[in-house]
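Asks: Below: sequence and its predicted model.
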Amino acid sequence: MALGLADMLAAVSRNKASDLHLAPGRPPFLRVDGSLIPLPGAETVSLTAADLEQNVLELCRHAGAAEVLPRSSLDGALRAADGARFRFHVYRRAPGFAIALRRLEDRFRSLTELGLSESLSRWGELGDGLLLVAGPTGSGKSTTLATLIDLINQRRACHVITIEDPIEYVHSDQKSLVDQRQVGLHTGGFQDALVASLRQDPDVILVGEIRERDTIRIALTAAETGHLVFTTVHAPDCAGALQRLGSVFPADEQPGVLRQLALNLRGILTQHLVPADGPGRRQRPRILLSEILQVTPAAANLIANGKFNQMQTCMETGGSEGMQTLEENLIHWIQEGFLTEGAAMSHTRRPAYLRQRLQRHPAGRSGR
C-alpha cells in the first residue's frame, strides 16, 4: 500500500488529528486528542527511507529551498489539497530522515473557546510594553498569540508586523494593516527582522520566540520606545519565564535587565495543554491550564529586585487586576466538569495549597 504525502495530509484532517509523524521503518502516526496512534488503515504499512526522501524533497519545494536534502533540519509551511495548512519540521535522525507536521487552525478562536480569561483582551488595548506567552512546546502559544493579534486587527487602526518561523496563521487586513514575515523566506532571522521592524512604522510587533540575548535586548528596547511587543518563551510558569529571560544575561548585567523588565513588561500568560478526565471530556478532550501575571506596581517591584519566589503571592492577591494562579484555574476546570480533583493534584506544584483551597472553599473561585 503506497501512501503519498497528499493522502496522509488528508487523513490528518479526516481524523481530526493535530500532528502527523513520519519516519522510515514504521507506519505514519497521528496525534489525536493528545495521543499518538498509527494512521487508521495503514497500521501495517512501514515507510521506507526512499519514501521519506521523496516527501522531504516535496517539502523542500514548499519551503522555497533547493531540491537538495537538508543537512540537519528544515522548517516550513504548506497548504494541502483540501485547503488545510500545515507547519512542518524535517530533521535527520538515525537512520535517515523524520518529519513532524502540525495541522494549523483554519480560523481564529476566541479567548473563551481557547479556555482563557477574557481579561486578556485588555492586552490588545495597550499602547506599548512587552507581553509574554510562556509554556512548553505544543501548548498552543502560537494559537493564543494569533487570537490576540486577531482581536487587535478587529478593533484597532494600527500597523502590525509579525516575525514568525514559519507563518502559522494568515491575517487579512481588517482595521489594522498586518504585515507577516517568515524567517528564512522574508528575513534572515528574528534579530535582523526585529531591528528592521523598528524602521517600518509599527505599532504592534509579534516576535515568534525570543531565546538569544540580543533578541531579548532589542525586544525590550522596542517596548521601551513606544511599541507593543508580543512574544513567547519556553518556561513552566510566570516566575520561570522571568528567570529564563534574566538568566540569559551575564550576572553583572542582570540587575539592569530586571529593572528594564520591571519598567516595560506588562504581563505574562503561562499555559499548558492537558487531557481532560472529567465528565465534560467528550465535549472538550483537552483543556488549557493557565496562570496570568499582570505587572502592577507591586509585581514590578518584585521583578526589579529579582524576588520571583514571591510572585505567587502577588498573583493570589491580584484577582481584581486580572491575575490568576494555576490553582484558581484548576478549580475552575473542576467546577466546569473537565477535571477530577485527582488529575488537578497532578498538575499543580502546590498540592497542599490546592487541597486546602478545595476544602475551605469548595465552590472555589474560577478565575474568570
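Replies: Received the coordinates, thanks. Numbering: from 1, shown residues only.
Asks: what about the stretch 51-200 of the chain, any weak spots by pLDDT?
Replies: Counting by pLDDT under 70, the stretch 51-200 of the chain shows low-confidence ranges at 64-68.
Asks: now the helices: where do they sit in it?
Replies: Assigned by DSSP state H, counting those that start in this stretch, the helices in the stretch 51-200 of the chain fall at 111-114, 141-155, 190-197.
Asks: Any idea which of those helices gets closest to residue 120?
Replies: helix 111-114 (5.7 Å; C-beta to C-beta). Where you see a C-beta, it was placed from the backbone N, CA and C, and this is true even at glycine.
Asks: Give the buried residues for the closest one.
Replies: 111, 114 (16 or more other C-beta atoms under 10 Å).
Asks: CA atoms only: put it into PDB for me.
Replies: The C-alpha trace of helix 111-114 is given here as PDB (Å, rounded to 0.1, in the frame of the first residue of the first chain):
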ATOM      1  CA  LEU A 111     -10.300  33.600  24.200                       C
ATOM      2  CA  THR A 112     -13.400  31.700  25.600                       C
ATOM      3  CA  GLU A 113     -13.100  28.900  23.000                       C
ATOM      4  CA  LEU A 114      -9.400  28.500  24.000                       C
END
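Asks: Show me what that helix is packed against.
Replies: Secondary-structure packing of helix 111-114 (3 or more C-beta pairs under 8 Å, 6 or more residues apart in numbering; DSSP states H and E): helix 141-155.
Asks: how about the helix it packs on: buried residues?
Replies: Applying 16+ other C-beta under 10 Å to helix 141-155 flags 141-153 as buried.
Asks: Quick one: these as JSON lines, columns for distance to residue 205 too.
Replies: Shown next, in JSON lines, are those (distance: C-beta to C-beta, whole Å):
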{"residue": "141", "distance to residue 205": "16"}
{"residue": "142", "distance to residue 205": "15"}
{"residue": "143", "distance to residue 205": "19"}
{"residue": "144", "distance to residue 205": "16"}
{"residue": "145", "distance to residue 205": "12"}
{"residue": "146", "distance to residue 205": "15"}
{"residue": "147", "distance to residue 205": "17"}
{"residue": "148", "distance to residue 205": "13"}
{"residue": "149", "distance to residue 205": "10"}
{"residue": "150", "distance to residue 205": "16"}
{"residue": "151", "distance to residue 205": "16"}
{"residue": "152", "distance to residue 205": "11"}
{"residue": "153", "distance to residue 205": "14"}
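Asks: residues touching residue 5, list them.
Replies: Listed by C-beta atoms under 8 Å, 6 or more residues apart in numbering, the contact set of residue 5 reads 55, 58-59.
Asks: And the buried ones among those, selectable in PyMOL?
Replies: One line in PyMOL is enough to select the buried ones among those; burial here means 16+ other C-beta under 10 Å:
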select buried, resi 55+59
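Asks: Now tabulate the contacts of residue 5 in JSON lines and tack on distance to residue 31.
Replies: Formatted as JSON lines, those follow (distance: C-beta to C-beta, whole Å):
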{"residue": "55", "distance to residue 31": "18"}
{"residue": "58", "distance to residue 31": "21"}
{"residue": "59", "distance to residue 31": "18"}
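Asks: quick one: which of the contacts of residue 5 is nearest residue 234?
Replies: For the contacts of residue 5, the nearest to residue 234 is residue 59 (24.8 Å; C-beta to C-beta).
Asks: distance of the closest one from residue 120?
Replies: 34 Å (C-beta to C-beta, to the nearest Å).
Asks: Same check on residue 15?
Replies: 31 Å.
Asks: more crowded one of those two?
Replies: Neighbours were counted for residue 15 and for residue 120 using other C-beta atoms under 10 Å; residue 120 has more, 23 against 14.
Asks: do you know how far that one is from residue 131?
Replies: On the measure of C-beta to C-beta, residue 120 and residue 131 end up 9 Å apart.
Asks: Need the overlap of contacts for the two.
Replies: In contact with both residue 120 and residue 131: residue 269, using C-beta under 8 Å, 6+ apart.
Asks: what ranges of the stretch 201-350 of the chain fall below the confidence cut-off?
Replies: For the stretch 201-350 of the chain (pLDDT under 70), the answer is none.
Asks: residue ranges for the helices of it, please.
Replies: 213-224, 238-247, 254-264, 297-304, 311-316, 326-335, 341-347.
Asks: buried set for the third one?
Replies: By that I understand helix 254-264. For helix 254-264, by 16+ other C-beta under 10 Å, it's 257-258, 260-264.
Asks: That helix - contacts with which helices or strands?
Replies: By 3+ C-beta pairs under 8 Å, 6+ apart, helix 254-264 packs against strand 129-134, helix 213-224, helix 238-247, helix 297-304.
Asks: winner for burial among the ones you listed?
Replies: Mean neighbours per residue, mean count of other C-beta atoms under 10 Å, is largest over the helices and strands packed on helix 254-264 for strand 129-134, with a mean of 25.
Asks: Please consider this matter closed, and thank you.
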